[in-house]
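Asker: With the sequence up front, the predicted model follows.
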Amino acid sequence: MLPIIWWLGIIVCSLLRIQLTDTAKLIPHMGYYIEMKQMDCVGNPNYFADMYCRIIPPKNRTMEASLNVMQPMSAFSGSLRVSIPNAKKVMTQIFDITFDGCKVLRERKRKIIIDLLVNTLAKNGSGKLWRCPISKGKFESRNISVTDLPPMLTESEFLVNLDFFIPKVATVMNVTLHGHLYEVAKERHRRKKYL
């Protein structure tokens with residue numbers, strides 16, 4: 001049931017080309033926030049140095065990341081995989097998207113989840129990495145929070161794996177994020193019940 005709801009939300013938003021923030025205004029009781037539990041990032045030292053990422057306590061709703069690009073990259077690809085638990089609490093992959101990184105940045109025509117990723121990082125970072133070719137230098141992004149989620153999601157634990165690679169050459173970075181998606185209306189109801 002959950003994968004159908006996720007896909008339905010993504011397909012509806014993509015087909016209608018509704019701005020996610022406008023959709024949230026139309027349905028004010030719908031809203032989500034993400035609480036992150038664990039985040040790991042690993043970079044290939046031939047391409048990245050001084051790489052770190054961390055979740056910012058106490059609410060665990062924002063994160064920050066920094067890396068130093070050691071050599072320019074004129075082409076790279078990415079793979080984004082999202083998993084949620086099934087009825088038996090086993091993490092099950094609900095989608096897997098592979099994309100040409102430079103084409104995504106150049107054309108600005110992306111799948112909705114990639115658009116969310118790029119916009120989230122770009123609005124909180126130095127912006128240096130988000131043009132191809134990617135040049136040498138330091139990139140930092142602070143107070144990264146995921147907002148503007150599609151309105152037809154459901155509360156769930158999730159696991160996100162994001163890999164960047166140069167096709168047939170090397171994997172250059174892996175980011176793994178484990179967390180929980182909460183619906184604001186349900187969370188408010190739970191608080192009222194117990195407070």
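Answerer: Noted; the coordinates are in hand.

Asker: can you pull out the helices in this structure?
Answerer: 2-16, 20-26, 101-107, 112-123, 184-194 (DSSP state H).

Asker: Show me which positions of stretch 52-66 end up buried.
Answerer: For stretch 52-66, a neighbour-count test (16 or more other CB atoms under 10 Å) marks 53, 55, 60, 61, 62, 63, 64, 65, 66 as buried. All C-beta spots, glycine's among them, are computed from the backbone N, C-alpha and C.

Asker: what's that stretch in contact with?
Answerer: 33-41, 50-51, 67, 138-145, 175, 179 (CB atoms under 8 Å, 6 or more residues apart in numbering).

Asker: Which members of those residues are classed as buried?
Answerer: Here, 16+ other CB under 10 Å leaves 33, 34, 36, 39, 41, 51, 67, 139, 141, 144, 175, 179 buried among those.

Asker: got the contact list for the closest residue to the first one other than its chain neighbours?
Answerer: In space, and not counting its chain neighbours, residue 33 is closest to residue 182: 5.6 Å by CB to CB, 6 or more residues apart in numbering. By CB under 8 Å, 6+ apart, residue 182 lies in contact with 32, 33, 34, 35, 155.

Asker: Who are the contact partners of residue 49?
Answerer: By CB under 8 Å, 6+ apart, the neighbours of residue 49 are 43, 67, 68, 70.

Asker: Can you tell me which one of these sits lowest on pLDDT?
Answerer: Minimum pLDDT for those is recorded at residue 67 (91).

Asker: Name the nearest residue to that residue, ignoring sequence neighbours.
Answerer: Closest to residue 67 by CB to CB, 6+ apart is residue 51, at 4.1 Å.
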